[in-house]
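Sequence isn't available, so here's the structure alone:
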C-alpha cells in the first residue's frame, strides 16, 4: 500500500517539474524579438528606431552589421526607409525593446531567399 502511494507522489512531482521547466523555457523564448522591415521612425538623440510599429532602443552593446553579417563601425545607412533585420529582447510591459543586433538589408528578404542570409531566423 505504501509503495503505490509513494510511486504516485513521485510521478506527480516529476510531472509538475516537467511542466514548470517547459514554461520557463517558453518564457525565455518569448523575450526574443526578431523583426524585418523598413525603418519607419528614427531618433538619433534618444537611440530609438521604429520598425513595423515596434520601437527598439539601441545602446553600446548593440552591434550593427552589413547585409553579409559582418559588423560595421559606422551607422551611415541608418536612415528612414532602409530595410533592416533586428534581433532584440523584450523587457516587459511599458518598457522598450533592446536591440542586440541590427542588420542592414538590400531589400525585403522572402522565405526563398532566407537561406542566403544565415542570420535571419
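Here it is on my side, so go on. Fair warning: this is a prediction, and the values are worked out from it, not measured in the lab.

Report the secondary structure state of residue 115.
Taking DSSP: H, G, I helix; E, B strand; the rest coil as the rule, one finds residue 115 in the helix state.

distance of it from residue 121?
For residue 115, the distance to residue 121 equals 12 Å [Cβ to Cβ, to the nearest Å]. From N, CA and C alone the C-beta is placed, and that goes for glycine too.

Show me the helices in this protein, by range?
Using DSSP state H, the helices found in the chain span residues 2-31.

lowest-pLDDT helix or strand in it?
Lowest mean confidence among the helices and strands of the chain (mean pLDDT, DSSP states H and E): helix 2-31, at a mean of 64.

How about the residue nearest the centre of the chain, nearest residue that isn't a chain neighbour?
Closest residue to the average C-alpha location of the chain: residue 33 at 2.5 Å, with Cα atoms, centre = their mean. Counting by Cβ to Cβ, 6 or more residues apart in numbering, residue 88 is the residue found nearest to residue 33 once chain neighbours are left out, at 4.7 Å.

The one you found: how many residues sit nearby?
Around residue 88 there are 24 other residues, counting by other Cβ atoms under 10 Å.

Return the set of residues that bridge with it.
Listed beta-bridge partners, residue 88: residue 33, residue 99 (assigned using DSSP bridges).

quick one: it and residue 99 touch, right?
Yes. In this structure, residue 88 is within contact of residue 99 by Cβ atoms under 8 Å, at 4.3 Å.

where do the contact lists of the two overlap?
residue 56 (Cβ atoms under 8 Å, 6 or more residues apart in numbering).

From residue 7, how far out is residue 13?
Distance, residue 13 to residue 7, using Cβ to Cβ: 11 Å.
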